[in-house]
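Novice: sequence? don't have it. structure:
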């Protein structure tokens with residue numbers, strides 16, 4: 001049975017390619033690449049002559065049938081410009097379509113800018129939330145960040161050089177002056193990791209260049225604010241109508257609001 005190989009490629013240093021990835025890229029019948037010009041440099045360095053086809057944001061839907069047709073007969077590899085395809089890039093649609101068509105999908109793991117940045121950050125990151133790129137519009141960006149203000153896990157974002165100062169300013173405005181690690185050009189010749197506060201990072205990267213991964217410390221000791229009594233009653237009523245017992249319903253609302261279960265049980269008993 002033909003296989004779609006999802007192949008992780010270097011995020012900078014070409015020596016980070018795995019032996020398995022090289023073998024697969026040599027053996028498949030076709031490589032679907034986010035940018036064939038970029039991938040050609042990698043293939044030339046590895047002396048790989050496998051044919052390529054472009055598969056990127058603006059042709060991903062029109063190319064699906066072509067690639068799926070090839071997968072009916074032979075193996076195909078999917079690569080992005082850097083790292084693992086399918087994460088914050090157009091590879092997701094091809095992977096999903098292959099699965100829907102019963103095609104075997106196999107991942108060839110390798111470099112990850114997210115894991116690299118988290119490891120380099122020096123911040124507590126037993127848990128982290130990866131949000132890829134924040135919205136470009138200022139209002140949408142603020143709204144997205146407002147939803148993350150109480151997130152206790154570390155926050156990880158990608159950013160392009162021409163937007164990184166706006167993103168750092170928005171992070172500072174919405175989240176406060178938290179500790180951060182701003183990683184630039186990971187694994188490349190001019191790799192840089194800035195560790196400090198968001199305000200200091202904003203000052204440091206006045207003229208940013210390269211690709212960025214930003215890791216921000218999670219919220220500390222933030223408890224959910226109690227909600228209005230009417231809202232609590234409405235939520236409990238809805239859970240009661242859905243057939244949940246008192247113990248389960250009050251536990252659910254307690255987890256979401258920070259209110260005590262005893263207090264919520266009193267409210268439950270008052271429901272009509």
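Specialist: Looks like it came in fine. Predicted, not measured: the structure shown is a model, and the values here were computed from it.

Novice: can you pull the contacts of the nearest residue to residue 35 once chain neighbours are set aside?
Specialist: Using CB to CB, 6 or more residues apart in numbering and skipping residues adjacent in sequence, the residue nearest residue 35 is residue 81, 5.4 Å away. Placement of C-beta: from N, CA and C, glycine included. Neighbour list for residue 81: 9, 34-35, 38-39, 89 [criterion: CB atoms under 8 Å, 6 or more residues apart in numbering].

Novice: 10 Å instead?
Specialist: For residue 81, the contact set (CB atoms under 10 Å, 6 or more residues apart in numbering) comprises 9, 11, 33-35, 37-39, 42, 56, 89, 211.

Novice: Same question for residue 148.
Specialist: By CB under 10 Å, 6+ apart, residue 148 lies in contact with 129, 131, 134, 155, 157, 171, 174-175, 216, 218-219.

Novice: give me that answer again for 8 Å
Specialist: Neighbour list for residue 148: 129, 131, 155, 174-175 [criterion: CB under 8 Å, 6+ apart].

Novice: Likewise for residue 218?
Specialist: Residues in contact with residue 218 (CB under 8 Å, 6+ apart) are 124, 127-128, 151-155.

Novice: isn't there a strand covering it?
Specialist: No - counting by DSSP: H, G, I helix; E, B strand; the rest coil, one finds residue 218 to be coil, located in no strand.

Novice: Please determine how far it is located from residue 244.
Specialist: The gap separating residue 218 from residue 244 is 30 Å, by CB to CB, to the nearest Å.

Novice: now do residue 141
Specialist: As judged by CB to CB, residue 141 and residue 244 stand 37 Å apart.

Novice: out of the two, which sits in the more crowded spot?
Specialist: residue 141 (21 against 15; other CB atoms under 10 Å).

Novice: For that one, which three-state class applies?
Specialist: Of the three states, residue 141 takes helix under three-state DSSP.

Novice: Need the pLDDT of it.
Specialist: In this model, residue 141 is scored at 90, pLDDT.

Novice: Residue 258 now?
Specialist: Per-residue pLDDT puts residue 258 at 69.

Novice: do the same with residue 207
Specialist: Taking residue 207 on its own, its pLDDT is 86.

Novice: how about low-confidence regions in this protein?
Specialist: For the chain, the stretches with pLDDT under 70 are 221-228, 258, 272.

Novice: Helices of that one, start to end?
Specialist: For the chain, the helices defined by DSSP state H occupy 19-27, 36-45, 60-71, 91-100, 113-121, 138-146, 164-175, 198-204, 229-241, 246-257, 261-269.

Novice: so can I have TSV of the contacts of residue 81 showing neighbour count and distance to residue 146?
Specialist: Converted to TSV, those look like this (neighbours: other CB atoms under 10 Å; distance: CB to CB, whole Å):
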residue	neighbour count	distance to residue 146
9	27	35
11	24	30
33	24	37
34	21	32
35	15	34
37	10	39
38	14	36
39	21	38
42	20	40
56	17	32
89	20	26
211	20	26
